[in-house]
Each structure stands twice: as C-alpha cells, then as structure tokens.
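Visitor: Could you look at this predicted model? Sequence included:
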Amino acid sequence: MRRLTLLIILMLATPVLAQMLIYKEPIGDVAVVELSVPETAKPGDTVPILIVFTSRRDMDFILEICVGYGWGRWTNWTILLNAHLKPLEKKIILHTVTIPEDVETGPMIIWLAIQYTNEECYCVEGDQTYYVYTDRIFTGPYIQGTQPRSETHFIQYSP
C-alpha cells in the first residue's frame, strides 16, 4: 500500500500530467492490463506510463514494453515483469520514457508484449513447449514536435 501511495504522489507531482488517458484491457481469461499515460506531452518531457497488471490465474508472466514516437522512432524492448503470479495478484509498474527534443510531430505508441504459461496453458511446436504470446497496442499522448522539411524539388523543363 505504501508503494502505491508513493506512485500516486509521484504521478500527481509530475507537471506533465494534466489529463490522463486510461485503458483497461483483458488478456483472455488470464490477466487484466490497466494502463495510464498523460494525455499531453512535449519534446523533452519524461512521460510516466503506469501499468497495473492483475493475474486472473496461477501463471508465469513476462511483460515487455516498447514505445514509439515521432516518425518511426522506437525504444528498445524493456522487460517490466518476469514473475509467477497467483490469482488476483497485482503488480504496479511505473515505466518512464523521455521524449527527444528533436522528435517529429505525432502520437506516442505504447506496445506491450505479454507472455504467459502454466501446466495447462502453453504453446507446442514439435516437442518444445513455449509461453503463449499476445500483445496490446495503446495510443499515448500526441506530441507536437518538429515538422520535416519538404523534399520536393522543382525542375524547370526547357524544350
């Protein structure tokens, strides 16, 4: 509870946060992902992404994140969670992304990769068993950044 209180105070104290975009997505019948991110951000801001991950079943989970912004820029994949969770067990995760000063105008895209397995729920290929894989994509704040220069060149034709 102290950790949750600290996270809430941290998020409220962050000047970036005016309004929040809040998403809640079920992952089949195995988990629920709740994601909160500021509605607005600008170049140079550090954007907090708050994730509440709740297990519905006794399983092993791996949760990874990759964030895109501008015109095709992506962060590296980061493992946020690699743990065994009991039913209704929650993990509260705060991930931050700093937006580059020279970012192009466009929305932030938050890509979560979720893997899970237990004795009853897994994928099989040949004689190998694997985690079940799914992903969720969320739209974050729209960033008013730079506009790329036009690459249009005019050629004058003289017969």
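Guide: It's in.
Visitor: Next, the buried residues of stretch 42-51.
Guide: Taking 16 or more other C-beta atoms under 10 Å as the neighbour-count basis, stretch 42-51 is seen to contain the buried residues 43, 45, 47-51. (C-beta placed from N, C-alpha, C; glycine too.)
Visitor: Of these, which belong to strands?
Guide: Secondary structure defined by DSSP state E assigns 47-51 of those to strands.
Visitor: Output those in TSV, with pLDDT appended to each entry.
Guide: Putting those into TSV (pLDDT from 0 to 100) gives the following:
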residue	pLDDT
V47	97
P48	98
I49	98
L50	98
I51	98
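Visitor: ends of stretch 80-91, how far apart?
Guide: Its first and final residues considered, stretch 80-91 spans 10 Å by C-alpha to C-alpha, to the nearest Å.
Visitor: which one of the buried residues of stretch 42-51 sits closest to T78?
Guide: I49 (10.6 Å; C-beta to C-beta).
Visitor: bridging residues for that closest one?
Guide: Applying DSSP bridges to I49 gives these bridge partners: H95.
Visitor: ditto for C66
Guide: Each beta-bridge partner of C66 is listed here, defined by DSSP bridges: W111.
Visitor: What residues does it make contact with?
Guide: For C66, the contacting residues are 74-78, 111, 113, taking C-beta atoms under 8 Å, 6 or more residues apart in numbering as the criterion.
Visitor: in stretch 64-81, what's buried?
Guide: The neighbour-count check on stretch 64-81 (16+ other C-beta under 10 Å) flags 64-70, 80-81 as buried.
Visitor: Give me the lowest-pLDDT entry from those residues.
Guide: Note: of the buried residues of stretch 64-81, the lowest pLDDT belongs to G70, at 86.
Visitor: And the helices in this protein, which stretches?
Guide: In the chain, helices defined by DSSP state H lie at 2-13, listed in chain order.
Visitor: remind me which residues of it are low pLDDT?
Guide: Along the chain, segments meeting pLDDT under 70 span 1-18, 148-159.
Visitor: Among the buried residues of stretch 64-81, which one lies nearest to Q147?
Guide: Using C-beta to C-beta, G70 is the member of the buried residues of stretch 64-81 that lies nearest Q147, at 11.3 Å.
Visitor: contacting residues for the closest residue to M20 other than its chain neighbours?
Guide: The shortest distance from M20 to any residue other than its chain neighbours is 5.0 Å, reached at S36 (C-beta to C-beta, 6 or more residues apart in numbering). With C-beta under 8 Å, 6+ apart as the criterion, the residues that contact S36 are 11, 20-23, 49-50.
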